[in-house]
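# Fold the stuff below for me.
(2 chains)
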Amino acid sequence: MRMTALQDTRFDTPYYFLQHESGLRIYVYPLKGFRSTYAVIGTKFGSINASFIHNGKTVTVPDGTAHYLEHKLFESEEGDAFSQYAKTGASANAYTSFDNTCYLFSCTERFEESLEILLNLIQSPYFTPETVAKEQGIIGQEIKMYDDSPEWRVTMNLLQAMYQNHPINKDIAGTVETIAEITPEILYECYHSYYNLHNMVLCVAGKADPAAVEAMADRLLKPNEEVQTVSIFPEEPYEVKQAYVEQTLPVALPMMSMGFKEQAGQAYASDKELLCTSILLEAFAGEASVLYRQLLDEKLINGTFSTEYMEGLGYRAVIFEGETTDPDQLAACLKKAVAELHQNGIDADAFENAKRCVYGRMARNRDVPSSIATAMINAAFVGKQPFVSAQLLESITVEDVNERLRHQLDPDNCTVSVIKGIEGVTEA
Amino acid sequence: MEHLIRREICEGVTYNSIVDDRFKIGRLSITLLVPLDRNTAAANALLSCVLTRSCKAYPDMTALNRKLNDLYGAVLYGVVRRIGEFQAITLAASGLEDCYALNGESVSSELAELLCDILFEPKMVDGHFDPEDVEQERRQLLEDIDAEYNDKRVYAVNRCIENMCREELFAVGRFGTREDVVNLTQEQLTAAWKNLLERAKVEIYRQGRDTSEKVFERFQAFFGGKPRRISGSTKIVTEVKEVKHIVETDEITQSKLVMGYRCAYPKTKREVVACALMSAILGGTPTSKLFANVREKQSLCYYCASRADTEKALLLIDSGVETANIQKAEEAVTEQVELLKKGRISEEEMAAAKLAVKNAYISALDSLTSVQAFYLQSILRSEPLSPEEAAELVETITKEEIVAIAESLRLDTVFSLIGNE
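Numbering: from 1, shown residues only, chains lettered A, B, ... in the order given. Predicted coordinates:
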């Protein structure tokens, strides 16, 4: 076996890595005694990668192309992938995010057959004018469904209001108008630019044998010549575009999303930065925090309140989100609390408490094959080794977290997005 | 493989343990089952929130949450389910297995104590729950109920069931009604708590590496010598006099169509599995009749899925449809149901459904929460059905058995939520 054994040290579990000759990077994380296997293959091509330089040529494709391509790759000349997986019993899916597209399945038997389907899927593009046109109806329906989703709208509106130029401000699926411009040629162009095995990663977790995965890769992967594809992003100013945005939808309870935009260059946040942010947000706004209690007592939040750190090339933001009866008051309280946080920092007790919580959460994720595989693929996409943070956590100090805070949560650079109910309907 | 060991503490109270060393997180839960009752449903639902907020040992919510963080982000939560015309209140605790604790703490025993404390030793003020806690949790529960309207897919399914079962207890819902939650008194809440402890059927699940007897003993000390037998049964409706058509409008872009069917009650384990297979063939997988025909071939909807409720004997088909297509979609769904009833099931459809259902059952074994949830589905039955046993049964179910259940399908209610185009 050519796979290299690595160690998820903190949890004393070996996992395996192979830089395959075809260009594909492969990770396998076996979980002893598990009955199911989760496999995911992905490329660093998401909705924000719509402008790029490929073989010296500058290309801009319609918004929503990455997602459209995902739908279309899911079918081949032999029919759609679902009907192929139906013969193996695997549960399959695919998703497109802002900066990647992933194809996955989960199964309890006939793993090799399903992996063969998966690897063939991403290596055999088949687009004709007819099949491309047919998808417009279904994706149009999907876009409409998201238009009705207050959770999705509140976040998308937030990103649109926060970002002046960066394509993170565009809907992943595009619009009915932009997807109408998509042709087989555009899909092939994107496919050849981004679905090169050098730009892709395969991760398997759960019931898994690394040698078997390696043998399958040897048999099924066609060698790829490395291509140079570079995504282009416009300059993004530090300042948010607008401080407030609202939309009316039929909701019984308003929703609010508040984003604190940060300086983001053309580099990803480091493991240490991400860890510090996790601890910071847990200590500041987690369920054991003074702030969480205060917001509950003032009846401004409920169990849906959450915090998230969103980051990628050219964008970084802390986002607080939840249902609330009074979005304006909640936003005011959060802003005030953030200002105070900058004055006082996180205290040692809250830090220790949050750190233990973050460790437990890592352990929790290690019990779930899909979480493990996703963690591996996300790390690989940004050129990091997975599972380093579990080791790093021990060394993080309260000073590290307070230093990190200085670059985050700028109370003068935030946006509030609100979904309000329709008058007369909210009383339903 | 991990075996379920059942020990009866007394009649109606069972301690289940599954020793399983595969995970980093262990789990303990207690489920209290009572007949669904308009007068107590809201109280039981609110209790599941109030109880997990504090206890005598940790009377302050923030202090309790700090303790959970100290136990490496342990989680303590309550879930309310409707199973047939019964209400199941589950309190669960999950946390790091002791061997992964950084300083040699026994997380599992502390967490087990906490779970017992919140149920047996809640924080009481003058014989009732702390009014401040109750008001906080009441507000949040009301917001949860209101928010079910925010997700139109969930909302449409709920409205279909409410209309379909309006003459039945099933319509009460797992949280009771909004009005009941608003009007709930301290006395009702305290009475509901006592009733749960004294009368409910109890199923305790200990899952993980812990093999000590301490947890069993604590439950035994509390429940020992307090036998109970729950009364009540689920009303099964199999005939429909007239199909109800309910139409609502709203400011949405994608309309929703939900079709509610009655079906015969699956009595045996074989029939339960056959019912799941029937739903999978019809609309449970991406190659099912509904997905392949109504979505893929006819492009009439974005999603079109069916799910069977074996305890209430219902089958619901829900779809997201363009308003202009709503009538056509209803006809297309009806056509597929008729084909199923006539036994028009191809070998491929049968094989695909069996593989998919088996895959789902076996996959459940890789999550402690899923395993417990799976067992809960058979809580009303004389014997628990395990995921492995269900998966084995899948292999042996015949087409005739599936068609026999399909033939009992009767359309009862069509609920449409129409958008303004």
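# so which residue of the stretch 301-428 of chain A comes closest to chain B?
With distances taken as Cβ to the nearest Cβ, the stretch 301-428 of chain A approaches chain B most closely at residue A:360, which sits 3.0 Å away. In short, each C-beta sits where N, CA and C put it, glycine included.
# Now that residue. Its backbone dihedrals?
Phi and psi for residue A:360, reported as degrees, to the nearest 10, are phi -60, psi -40.
# swap in residue A:206?
Taking degrees, to the nearest 10, you get phi 110, psi -140 for the backbone angles of residue A:206.
# contacting residues around it?
Residues in contact with residue A:206, defined by Cβ atoms under 8 Å, 6 or more residues apart in numbering or on different chains, are A:29, A:30, A:31, A:34, A:36, A:37, A:38, A:106, A:369, A:372, B:366.
# please redo it, this time with the cut-off set to 7 Å
Residues in contact with residue A:206, defined by Cβ atoms under 7 Å, 6 or more residues apart in numbering or on different chains, are A:31, A:34, A:36, A:37, A:38, A:369, B:366.
# Which of the residues you listed fall in strands?
Secondary structure defined by DSSP state E assigns A:37, A:38 of the contacts of residue A:206 to strands.
# The residue nearest to residue A:374 when sequence neighbours are not counted sits in which helix or strand?
Distance criterion Cβ to Cβ, 6 or more residues apart in numbering or on different chains; nearest residue to residue A:374, sequence neighbours excluded, is residue A:40 at 6.9 Å. Per DSSP states H and E: residue A:40 is located in strand A:37-43.
# Just checking: what are the partner strands of that strand?
Sheet neighbours of strand A:37-43, with direction, are listed as strand A:101-107 (antiparallel), strand A:200-206 (antiparallel) (DSSP bridges).
# quick one: average pLDDT of the one helix or strand residue B:316 maps to?
Applying DSSP H and E as the criterion places residue B:316 in strand B:314-321. The predicted model gives strand B:314-321 an average pLDDT of 96.
# List the contacts of the helix or strand following that strand.
Read in the C-terminal direction, the helix or strand following strand B:314-321 is helix B:326-341, with elements assigned using DSSP H and E. By Cβ under 7 Å, 6+ apart, the list of residues contacting helix B:326-341 from outside reads B:255, B:257, B:259, B:281-282, B:289-290, B:293-294, B:298, B:300-301, B:304, B:317, B:319, B:321, B:406-407, B:409, B:414, B:416, B:418.
# Run a quick neighbour tally on residue A:268.
18 (other Cβ atoms under 10 Å in any protein chain shown).
# ok, the nearest residue to it once chain neighbours are set aside - how many residues close by?
For residue A:268, ignoring the flanking residues on the chain, the nearest one in space by Cβ to Cβ, 6+ apart is residue A:382 at 4.4 Å. Counted with other Cβ under 10 Å, the neighbours of residue A:382 add up to 15.
# Helices along the stretch 201-350 of chain A, start to end?
With helices called from DSSP state H, counting those that start in this stretch, the stretch 201-350 of chain A shows them at A:210-220, A:271-285, A:290-297, A:327-344, A:348-365.
# Determine which stretch of the ones you listed is the most buried.
With neighbours defined by mean count of other Cβ atoms under 10 Å in any protein chain shown, none of the helices of the stretch 201-350 of chain A is more surrounded on average than helix A:271-285, at a mean of 23.
# Average pLDDT for that helix, rounded please.
98.
# list the buried ones in stretch A:388-402?
Of the residues in stretch A:388-402, those buried by neighbour count under the rule 16 or more other Cβ atoms under 10 Å in any protein chain shown are A:388, A:389, A:390, A:392, A:393, A:396, A:398, A:400, A:401, A:402.
# which other residues reach that stretch?
By Cβ under 7 Å, 6+ apart, stretch A:388-402 touches A:9-11, A:271-272, A:274-276, A:279-280, A:345-346, A:348, A:351, A:355, A:358-359, A:362.
# and residue B:25, bridged to which residues?
Beta-bridge pairing of residue B:25 under DSSP bridges involves residue B:96.
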